[in-house]
Each structure stands twice: as structure tokens, then as C-alpha cells.
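In: pasting the sequence and the predicted coordinates here, then a few questions.
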Amino acid sequence: MTLKHRLLQAITDPSQEARIGVLEDFAATASFDELCTAARLLDAFSRDTSHNLYQRVRAIFQAYALYRYLIPARPELPRAGRIPHQGQELLLERHYAAATDAFLAHADVHGLSDPVASALAAAYHGLGFRILAEQVSTRCASHAATAGGSAPAMPLIIPCAFPKI
């Protein structure tokens, strides 16, 4: 996959400054078709396991933002449409990657609509957080294994927000 698209370049750029505001700047000048193409490019990038996990998650959340906020704001998006039942079931069962596949396949055949964009946004949102949660779980398990089989016992300290009387 080429990284010529400016959203993908920003995701892979190591500097924080290069990532700030890129999606908003792109959306301000992009056509409806360019937004839809960018969402598909971000999806393809997120599926490519040769990329850094956190870059892939950034791509997922940018696809989420496109389908949740930016694409529905465009008048070209049909407001009426149907969400495929199979995709809805997959989403409810938290099979987020399979749900995105079902929604994208439906959009390929029937065209993108507001309900399908909303469903895609929900699936990408869940997928991004699922991947992050799995990464945290893996890291915690790895830490526990290297610490002798159990996580270190650390007390939970909650500062009191009330003044002492």
C-alpha cells in the first residue's frame, strides 16, 4: 500500500505536530467521494499487519470519525437506507471486524447511506477500543509472567477530595 495519501502520511509520521488537525484540514477541502475513498484507504491500512499497531488503531479511529461526523454532514449522503441484519447481529455480538466487513460489502452493493455510515462508525469505534483493550490485556499478562506469575500487589490510593474538618 502506498502512503501517498496525506491522512496515511500523518498517521505514520513520528512527530505529534504532523498529526494535529490533518483530518479536519482534509475534510474541509475534500469532496464527498474523496472522504469515502479516504475511509476505505484507512480501513485497508488498519488491516495491514505490517504496520505498527498504534498506527493501525489511529487509522481505525479516523475511519470512525469520517463515518460518524464528516461523511454524514455531507448532503450527498442518502439519508434513507437499510442496515444489513447480518452486520447488525455481528455488531451486537461485538464481532467488530466482521461487522465492518458486512457493512462495507452492503455499501458496495447498495451504496453508502446514513444508516450504514452510522453502523460503520459504531463498528470502527468498537474495533478500535477492542484492539487497545486486547493490547493492554496482553501487556498485563506479559508483565505478570515476568514478575513471577502474578501482578505485583499495589495498593489503590484514592486522594480525598473533601477538606478535613
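Out: Good, I have the coordinates.
In: can we go C-alpha only for contacts and neighbour counts from here?
Out: Fine.
In: in the lowest-mean-pLDDT helix or strand in the chain, what counts as buried?
Out: The weakest-scoring helix or strand in the chain, judged by mean pLDDT, DSSP states H and E, is helix 114-146 (a mean of 87). With burial defined by 16 or more other CA atoms under 10 Å, the residues of helix 114-146 counted as buried are 114-128, 130-131.
In: go on, stretch 22-37?
Out: Using 16+ other CA under 10 Å as the test for burial, stretch 22-37 gives 22-23, 27, 32, 35-36.
In: gap between Ala123 and Ala10?
Out: Distance, Ala123 to Ala10, by CA to CA, to the nearest Å: 23 Å.
In: before we move on, what about Ala73?
Out: According to CA to CA, Ala73 and Ala10 sit 23 Å apart.
In: tell me which of these two has more neighbours.
Out: Comparing Ala73 with Ala10 by neighbour count (other CA atoms under 10 Å), the higher total belongs to Ala10, at 20 against 13.
In: now that one: which helix or strand?
Out: Applying DSSP states H and E as the criterion places Ala10 in helix 6-12.
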